[in-house]
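**Q** Predicted model and sequence follow; I will ask about them next.
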Amino acid sequence: MISDLLNIKKGVTSVIGGGGKTTLLNTLANELISKGTVIITTTTHIMPNEVFHNVIDDTISLLHLSEQLREHKCICLGSISDNGKLCTTSHTFDDLCSIADYILVEADGSKHLPLKAHLDFEPVLPFESTQVISVVGVDAVGKKLEDATHRCDKACELLTCNKEDVITEKMVATLLNTENLHDKVVLNKCDTDILKNTAELISGYIKTECVISSLLKGEWYVSSN
């Protein structure tokens, strides 16, 4: 299970980056419900969950949340925004930890792009996070930086390059190493042998442990590098 490879513990785990955050959260939740109750939530904005039961918490008590967890095992929790997305819950993370075993937080936005650089106020990590996982779509490699990167100008600044430059494996790793926001990295979208090789090359430059995955196919393993 990918939750075992990432050593997901009880408490708050934050997921940042691009290229599959929501899919990773749902995959982790599906595995973790065999071990306990799970809340998926966000510190930014997410679409209502298409897999698990959504709970709008504007007027819901902690007791009612506990009842929802007992019934569904996993809920997606947030306040509703004007555009219909879920945003930050009104409950504290300490409160959520008192009623659920696992809290999975989407703590970043990436505009559906595979690579993300971060401004000073990003990501929005809960103080209670015990682990931060960064997700990268390896299909960014070979594309222009401006076409595959959210916060492209910031990435250019950190990498000392131009937005028209083509992304290489080393550039992806350098961005992750320079920002140093994560505990572990998931190199996702490795749906072919070529993309798996690309991920292995990236992982060879990264200072922390990497899990190579095709979340779409339900395949993952720890990088050999």
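**A** All right, it came through fine. For clarity, every value in this text was computed on a predicted model and none was experimentally measured.
**Q** Do you have the helices of the chain handy? List them.
**A** 2-5, 21-32, 62-72, 93-99, 145-148, 152-159, 169-179, 193-205 (DSSP state H).
**Q** The second one packs against which elements?
**A** In terms of contact count using 3 or more Cβ pairs under 8 Å, 6 or more residues apart in numbering; DSSP states H and E, helix 21-32 is assigned the packing partners helix 2-5, strand 11-17, strand 38-42, strand 74-80, strand 102-106, strand 129-137, strand 184-188. Glycine gets a C-beta too; all of them are placed from N, C-alpha and C.
**Q** average pLDDT for the first one?
**A** Meaning helix 2-5. Mean pLDDT, helix 2-5: 96.
**Q** Check which helices and strands that helix sits against.
**A** helix 21-32, strand 210-214, strand 219-222.
**Q** Quick one: closest of those to Arg70.
**A** helix 21-32 (15.7 Å; Cβ to Cβ).
**Q** contacting residues around the closest one?
**A** 1-3, 6, 8, 13, 15, 38, 40, 46-47, 49, 51-52, 74, 101-102, 104, 106, 108, 110, 133, 135, 186, 188, 213, 215-216, 218 (Cβ atoms under 8 Å, 6 or more residues apart in numbering).
**Q** how about that helix: buried residues?
**A** Using 16 or more other Cβ atoms under 10 Å as the test for burial, helix 21-32 gives 21-29, 31-32.
**Q** wait, which of the residues you listed is closest to Leu181?
**A** Lys21 (13.5 Å).
**Q** Got the confidence number for the closest one?
**A** On the pLDDT scale, Lys21 is placed at 95.
**Q** Could you report the distance from it to Thr89?
**A** 17 Å (Cβ to Cβ, to the nearest Å).
**Q** Please apply the same query to Ser224.
**A** 39 Å.
**Q** again with Leu181
**A** As judged by Cβ to Cβ, Leu181 and Thr89 stand 22 Å apart.
**Q** more neighbours, these two?
**A** Remark: of Leu181 and Thr89, Thr89 carries more neighbours, 24 against 18, as counted by other Cβ atoms under 10 Å.
**Q** is it true that that one touches Ser79?
**A** Yes: assessed by Cβ atoms under 8 Å, Thr89 is found in contact with Ser79 at 6.4 Å.
**Q** Overlap of the contact sets of these two?
**A** Jointly contacting Thr89 and Ser79 under the rule Cβ under 8 Å, 6+ apart are Asp57.
**Q** ok so, going back, would you turn the helices and strands packed on helix 21-32 into a markdown table with distance to Leu201 and mean neighbour count?
**A** Converted to a markdown table, these look like this (distance: least, Cβ to Cβ, whole Å; neighbours: other Cβ atoms under 10 Å):
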| stretch | distance to Leu201 | mean neighbour count |
| --- | --- | --- |
| helix 2-5 | 20 | 16 |
| strand 11-17 | 18 | 25 |
| strand 38-42 | 32 | 27 |
| strand 74-80 | 35 | 23 |
| strand 102-106 | 28 | 26 |
| strand 129-137 | 13 | 23 |
| strand 184-188 | 10 | 26 |
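**Q** Quick check: which of the ones you listed is nearest to Ile56?
**A** Among the helices and strands packed on helix 21-32, the nearest to Ile56 by Cβ to Cβ is strand 74-80 (5.2 Å).
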